[in-house]
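Student: Just to be clear, the model below is a prediction. Sequence and coordinates:
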Amino acid sequence: MRVLMVALLATASTTALLSAPAQAKAPAVQITKIYYNSPGSPDNGANGSLNGEYIQLKNITKKAVSLKGWTVRDATKAPDHIYTFAAFTLKPGKTVTLRTGVGKDTATTRYWGRSGGGTFAYIWNQASDTGYLRNASGKLVDSCAYNSSRDAYKVC
Ligand SMILES: [Ca+2]
Ligand SMILES: [Ca+2]
């Protein structure tokens, strides 16, 4: 019995050692916040309200990262719920805010460009949803899930 316990413990610690590097390597660009309950009620789908919800991505490294071809999406399996970055560079330590509605892209704010669907134009559900960030190869870089209608936003 004692031999078996030792063997089990050894296996457990080997597994921990092997999986440690993957856990330690934080993604270069992270989802830092999802503001999912736009200010005001009810949420009427107007452009100002759509732009009141957003997701933020931060480059936590000391190197610029090109987000060209990177995608952001929610848990909905709908093609129009995928945002794809055009040519865009996120500078070291900087954050980009991706707002749901229509607007003029800047160095710090991008716009999904959604409109016209009333409440269906929103991306981020009021109570629970998940944001996914993938690189240009389609590899999952980061995700952030929330499950609370008490708060208006989630700090990831
Ligand atoms: Ca609201
Ligand atoms: Ca959603």
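Tutor: That came through fine. Numbers count the residues shown, from 1 in each chain. Ligands and ions are numbered 1, 2, ... in the order given.

Student: where does the chain have its least confident helix or strand?
Tutor: helix 2-24 (a mean of 48; mean pLDDT, DSSP states H and E).

Student: ok, which stretches of the protein are helices?
Tutor: Remark: helices assigned in the chain by DSSP state H are 2-24, 47-50.

Student: if I pick the closest residue to ligand 2 within the chain, what's in contact with it?
Tutor: Going by CB to the ion, ligand 2 is nearest to residue 74 of the chain, at 3.8 Å. No exception for glycine: its C-beta is placed from N, CA and C like everyone else's. By CB atoms under 8 Å, 6 or more residues apart in numbering, residue 74 lies in contact with 81, 123-125, 129-132.

Student: Check residue 50 too.
Tutor: Residue 50 neighbours (CB under 8 Å, 6+ apart): 38, 99-102, 114-115, 121-122.

Student: Name the nearest residue to it, ignoring sequence neighbours.
Tutor: In space, and not counting its chain neighbours, residue 50 is closest to residue 101: 3.2 Å by CB to CB, 6 or more residues apart in numbering.

Student: so the one you found sits right up against residue 112, yeah?
Tutor: Yes - counting by CB atoms under 8 Å, residue 101 does reach residue 112; the two are 7.1 Å apart.

Student: hang on, the earlier thing: what is the most widely separated pair among the contacts of residue 74?
Tutor: Maximum pairwise distance in the contacts of residue 74, criterion CB to CB, is 13.9 Å, between 125 and 132.

Student: Would you mind confirming that residue 35 makes contact with residue 151?
Tutor: No - using CB under 8 Å, residue 35 makes no contact with residue 151, being 9.8 Å away.

Student: Which of these two has more residues huddled nearby?
Tutor: Neighbour count, other CB atoms under 10 Å: between residue 35 and residue 151, residue 35 has more, with 20 against 12.
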